[in-house]
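> Give me the fold of what follows.
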Amino acid sequence: MAQLEPPRTRTVLEPLSHFDLSSPSSSSLRSLALSPLSHSQTLIYVGNDSGTLILLSLNPNYTPKSDPSSSPNSSLGFADADAFSENVSVLRQVFVGNSPIEGIHVLAQIGKVLVLSNGFLFLLDLLLLNPVKKLSLLKGITAVSRRIRSSKESESTDLSNLPMDNVNLMEYSSRGHRFLQKLGSGIIANGGKTRLSDARREGGGCAVAVLIGKRLLLVEFFSDREADSSNGQFLVLKEIQCIDEVKTMVWINDSIIVGTSSGYSLFSCVTGQCALICSLPEPCSLPQLKLLWKEWKVLMLVDNVGVVVNDHGQPVGGSLVFHGAPAAIGEMGLYVVTVKDGKVELYHKKTGKCVQRVMFAGEGAGPCLVADEEDRSGKVVAVATSSKDTANAVHKDSKRLYYNKGLVDINEDEGASEDTYEEKYKSNDGGGNDLNDEDDVVICYRKVPSEDQIKDLLRKKNFKEAISLVEELESEGEMTNEMSSFVHAQVGFLLLFDLHFEEAINHFLQSETMQPSEVFPFIMRDPNRWSLLVPRIRYWGLHPPPAPLEEVIDNGLLAIQRAIFLKKAGVETAVNDDFLLNPPTRADLLESAIDNIIRYLQACREKTLTSSVKEGVDTLLMYLYRALNRVDEMEKLASAENSCVVEELETLLDESGHLRTLAFLYASKGLSSKALSIWRILARNYSSGLWKDPAPAVETDSENPCTNLTSGKEIAAAEASKILEESSDQDLVLQHLGWIADINQLLAVKILTSEKRVNQLSPGNGIAPLICSLKIVFSEISVLSDEVIAEIDPKKVEILQRYLQWLIEDQESCDTRFHTLYALSVAKSAIEMFELENNNTQSKAGILDESDPSRYGRNSIFESPVRERLQIFLESSDLYDPEVVLDLIEGSELWLEKAILYRKLGQETLVLQILAL
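Residues are numbered from 1 along each chain as shown. Coordinates of the predicted model:
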């Protein structure tokens, strides 16, 4: 026999009613059926060995006025039997015959009940109001099964389209019926052929498979709406040759599956063909078949294994392994219900796990019956048995079922206190009941609402099982996505207060309805700017209200310390064993908490949020980055598009020394002046240790040599230049141009010549202050004095030249002042270069070359020699004043440049003389 895992702790069933059918003249129960009549009433049909059919009425929505388990005289829950017996009542009893009632089949669609007794079928109305009608035409019946069609009509054949066979019923019918057959009218019973045909076309019948010996008859029953409600009629549609010793039968779609002691076979109701599904081993328990309404599948019992097959007899999914061969099988939604030896067991259809075990009768229980509502969303099952110890067993199991209401689970002391339960029952009952009397009882259980099941699991810290249940319900369409998100958020908060931060955030991320503002109180203490944004959701009240992470961790560590103490005293707690064996440190927990909250807020940034929530997410994210000193993430967030609130962060970042982050943040918010001031301070105080170079070199454009930054000063200058390149504030540009030029002249050129700004700098108004900032003063047509030359920084002269070149060549300026100024500046540089080259005669290494980095810095602005640039400009431009330039170079050795200028002045004779020399 296959092995099975012990049952788990999920509570799926709860007691709904308990009814004692015992009487001095009562006999053992034989059959049981349920039929929901309305939302507030379910009918229970009970058949016994004496041929009596008992109809009970049950309210499936009944709620006791008070929890029976809380009664002062009922410590075990069911001692006050009235609390559960008042929910069920006997409507009426009908005597069917002197033989046992072997089967009850509710044909709800035609408002009839079909009862099998002594080989005959009896037809009754649902409420047993009318006289019993015996269908004497059919006799020797051993099995009955009504046809169940799936929701997909394409998977089954409409029996109204089948031709009616001339079935030989001579041996079952009277002479009058034989006469009708001779007339060729087909098989007719209790009605006319015309009326039957009309009802058949309307599709108002209910098809039933009836087994008589080896003959399998397909019979369609009808409700005659025109006749008295007590009349019924049926039509035999087809006869199929069957097999011997059929014990059980199920008809689904076009397949009739039968079970014998040797195996299971499948018959087609259309073709009548038979196929063997499987053979049973020897020895083996009796075969059983159970239609699984929810999946439109059939469960076949093979000893203690339930094999699930489709309507073609093909196995689908996994098998269910039971604790021994069950006496009867039922269904409730996602679960298979089995009964045996006074116990109900619930098995999950997909996982095969036994999720709950309920005891309803003690040792020596008689045959056990189970019935369900035969509905895809069935929520009630009934069990019936005859037992000497039913009350005691029900008491015992009630304690387990009400565990989720605060009582102790019976599993803790099961098997060690059977006598105690009996003694308690006797004392609660006043000693008036004799436990040795055999009772016939019907006990109803209903499915615990999914929400209550999940709550119960969460209270017990069974988070994985709770989420597993949520996923099952969601996949089956029994839980909305909103509810699933709600549960994930609830589990996340419970895990967070249990200090399992990574798992908590994983569940937060799976919740589509949780708001990012719900974690704000864990980061910043109330009241704060975003306090009103936090939704006041208490969920199910299973966790404390939000508090700063430090308080959550401190409280959690105290709980761990208490649990360690209790464990030493032998008391079990809900604290994780890993924490008990290796208690975490406060620092590690705080780092883990912050790290995972960061992960959640980062994910939230990708969602569509309101502006105020965005501000909270980004600002608090910066708080958490700073707490872990994650400088790279801080600068990345500050420099990118963000919703940080500057007022909440500037003091914090300034005091903690994260000036680079603050500068990036100012720049991203358009506060360019404040950002540039910080970069200027950092550039000036780099050597004082205010900040350090980043470990890797800054990745920049390899085609631009000015971006190969190696020092902190250059990084500060580069970041400042990015701001100035886009700024149209001329005063701001000129204010910071000087210190940037001191660090890197190429950056200064990029600022002056940037095309990124909306409004370009005004060269007409800005040329004078620019010249002053570079310490160069040109008269309109004269050269500079010796005093000014002594103050000139050659790098800044090149900046001026590059700016003028950009105005002339790129901006196509026709201003003669710019052309003349550019010619004078380049000519002056050419003279200086020529004189320095002539004076430096000490060694070859000492010769100054214009490409020498020592002269123009590490990054040269101009690639061509200065004289070449001068000659090209003098030849190409006609807008400069050649006389002014000639006055400057007249005493120099720049003979080719003089020749060009004389040609511009029309003095060709002097040009020829110069060239001849």
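> Determine the longest helix present in the protein.
The residue-count maximum for a helix in the chain (DSSP state H) belongs to helix 816-839.
> tell me what that one is packed against?
helix 763-773, helix 794-805, helix 866-876, helix 882-889 (3 or more C-beta pairs under 8 Å, 6 or more residues apart in numbering; DSSP states H and E). (Each C-beta comes from the backbone N, C-alpha and C, glycine too.)
> repeat that for 6 Å
Of the remaining helices and strands, those touching helix 816-839 by 3 or more C-beta pairs under 6 Å, 6 or more residues apart in numbering; DSSP states H and E are helix 794-805, helix 866-876, helix 882-889.
> list the buried ones in the shortest one?
I take that to be helix 882-889. Neighbour counts over helix 882-889 (16 or more other C-beta atoms under 10 Å) mark 882, 884-886, 888-889 as buried.
> quick check: angle from it to helix 816-839?
Put simply, helix 882-889 runs at 20 degrees to helix 816-839, going by axes from the mean of the first three to the mean of the last three C-alpha atoms, to 10 degrees.
> Can you name the element that comes right after helix 882-889?
Using DSSP states H and E, the helix or strand that follows helix 882-889 towards the C-terminus is helix 895-905.
> Would you reformat the helices and strands packed on helix 816-839 as a markdown table and include distance to residue 550 and mean pLDDT?
Output for those, formatted as a markdown table (distance: least, C-beta to C-beta, whole Å; pLDDT from 0 to 100):
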| stretch | distance to residue 550 | mean pLDDT |
| --- | --- | --- |
| helix 794-805 | 54 | 79 |
| helix 866-876 | 66 | 92 |
| helix 882-889 | 74 | 92 |
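> could you dump these to TSV with distance to residue 105?
Written out in TSV, the entries for the helices and strands packed on helix 816-839 read as follows (distance: least, C-beta to C-beta, whole Å):
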stretch	distance to residue 105
helix 794-805	100
helix 866-876	108
helix 882-889	118
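> Tell me which of these sits nearest to residue 46.
With C-beta to C-beta, the closest approach to residue 46 among these belongs to helix 794-805: 104.4 Å.
> Show me what the mean pLDDT comes to for stretch 97-114.
What stretch 97-114 shows for mean pLDDT is 94.
> Check stretch 625-642 too.
Stretch 625-642 carries an average pLDDT of 96.
> Go ahead and name everything in contact with that stretch.
Outside stretch 625-642, the residues within contact range by C-beta atoms under 6 Å, 6 or more residues apart in numbering are 594, 618, 660-661, 664-665.
> List the contacts of residue 523.
If you count contacts by C-beta under 6 Å, 6+ apart, then residue 523 has residue 620 around it.
> if we go to 8 Å?
Counting by C-beta atoms under 8 Å, 6 or more residues apart in numbering, residue 523 makes contact with 548-549, 597, 620, 623-624.
> Equivalent analysis for residue 725, please.
Taking C-beta under 8 Å, 6+ apart as the contact definition, residue 725 lies against 750-751, 754, 756-757.
> which of those are buried?
750-751, 754, 757.
> Rank the helices and strands of this structure by mean pLDDT and give me the bottom one.
Comparing helices and strands within the chain by mean pLDDT, DSSP states H and E singles out helix 786-789 as the least confident, with a mean of 30.
> Please tell me how far stretch 618-635 is from the chain's geometric centre.
28 Å (C-alpha atoms, centre = their mean, to the nearest Å).
> Quote the end-to-end distance of it.
Stretch 618-635 stretches 13 Å from its first residue to its last (C-alpha to C-alpha, to the nearest Å).
> returning to that earlier point: export the buried ones among the contacts of residue 725 to a markdown table and tack on pLDDT and secondary structure?
Compiled in a markdown table, the buried ones among the contacts of residue 725 are given as follows (pLDDT from 0 to 100; DSSP: H, G, I helix; E, B strand; the rest coil):
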| residue | pLDDT | secondary structure |
| --- | --- | --- |
| 750 | 91 | helix |
| 751 | 90 | helix |
| 754 | 91 | coil |
| 757 | 89 | coil |
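> so which of those residues comes closest to residue 734?
Among these, residue 751 lies closest to residue 734 (C-beta to C-beta), at 9.8 Å.
> isn't the closest one right up against residue 718?
No - the pair residue 751 and residue 718 does not pass the contact test of C-beta atoms under 8 Å, sitting 10.8 Å apart.
> name the element the residue of the chain most remote from its centre belongs to?
In terms of distance from the mean C-alpha position of the chain, residue 909 ranks first, at 92.4 Å (C-alpha atoms, centre = their mean). Element membership of residue 909 [criterion: DSSP H and E] is helix 908-916.
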